[in-house]
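> Okay, structure incoming, though there's no sequence with it:
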C-alpha cells in the first residue's frame, strides 16, 4: 500500500491552498485536478514528518511536525495513476498559517512534471467549483475545521478514483 501524508493548509483569510496537477494522459476524465500539498511517505517515516517534508518541498513552508497534531481525515482505495498503481491511503493533517507565499523551487522531478500551478480557495469557491478537487467531501470537513471542530477520530472521506476514471 502506498501511503501519503497531506496537509489542509489554511491561511489567515480562511482559504485552503490547493495544487493544480496534470493527470497522466488516459488515466482520468479531465486533464487537470486540484490536490492538497503532500505526497509519499518513505519507509520508516512518521506521517507528520512526511507531511512537513512535503510542505517544505512542494510549497516552501518549513514547520515542525509537532505543529500538525494528529490527522483529521483519510481516504483509501485502488488507483492507477500511470506512474503508480495499487492500493493507496492518504492521511490529511490541518495547519493554519497567517499567510504564505508559495515557493515550488524544491519540488522533485516527478512533482515538477505534473505541477500546473496553485491557488488559495475559499470554502464558498470550493462549494461551487466544477473542477476536480481531492479529497472529495472537503467542504464539510473544512467548514468544521474552520469553526474549531477537529474530528476525533479522523473522518473517512470517499475514495476519489472510484468515480473519476476515463471509463465514465
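Good, I have the coordinates. Predicted model only: the values in this text are computed from it and were never measured.
> What's the biggest helix in the chain, counting residues?
Secondary structure of the chain per DSSP state H: the longest helix is helix 47-59.
> Show the subsequent helix or strand relative to that helix.
strand 73-80 (DSSP states H and E).
> hang on, the earlier thing: how about residues contacting the longest helix of the chain?
Under the criterion CB atoms under 8 Å, 6 or more residues apart in numbering, residues 3-7, 9, 17, 19, 37-42, 45, 61-68, 71, 91, 93, 95, 100, 102-104, 106-108, 111, 118 lie in contact with helix 47-59. Placement of C-beta: from N, CA and C, glycine included.
> Now do that helix: distance to the chain's middle.
Chain-centre distance of helix 47-59: 11 Å, with CA atoms, centre = their mean, to the nearest Å.
> swap in stretch 46-65?
That offset, for stretch 46-65, works out to 12 Å (CA atoms, centre = their mean).
> Give me the contact list for the longest strand along the chain.
As assigned by DSSP state E, the longest strand anywhere in the chain is strand 85-96. Under the contact criterion CB under 8 Å, 6+ apart, strand 85-96 has outside partners 1-12, 36, 38, 47-48, 51, 55, 63, 67-79, 134-135, 145, 150, 154, 157.
> returning to what we had before: for the longest helix of the chain, the averaged confidence score.
Mean pLDDT, helix 47-59: 96.
> ok and it relative to strand 73-80, angle-wise?
70 degrees (axes from the mean of the first three to the mean of the last three CA atoms, to 10 degrees).
> buried stuff in helix 47-59?
Buried residues in helix 47-59, defined by neighbour count with 16 or more other CB atoms under 10 Å: 47, 48, 49, 50, 51, 52, 53, 54, 55, 57, 58, 59.
> try stretch 146-154
For stretch 146-154, by 16+ other CB under 10 Å, it's residue 154.
> Could you tell me the end-to-end distance of that stretch?
Terminal residues of stretch 146-154 lie 15 Å apart, using CA to CA, to the nearest Å.
> can you give me how far it is from the chain middle?
Going by CA atoms, centre = their mean, where stretch 146-154 is centred and where its chain is centred differ by 17 Å.
> try stretch 44-60
Distance, centroid of stretch 44-60 to centroid of chain: 12 Å (CA atoms, centre = their mean).
> please begin residue numbering at 49 from this point
In the new numbering, first residue 49, that becomes stretch 92-108.
> Show residues contacting the helix or strand containing residue 53.
Using DSSP H and E, residue 53 sits within strand 50-58. Residues outside strand 50-58 that contact it (CB under 8 Å, 6+ apart) are 64-65, 83-89, 95-96, 98-99, 102-103, 107, 109, 116, 120-121, 132, 134-145, 148, 186, 189-190, 193-194.
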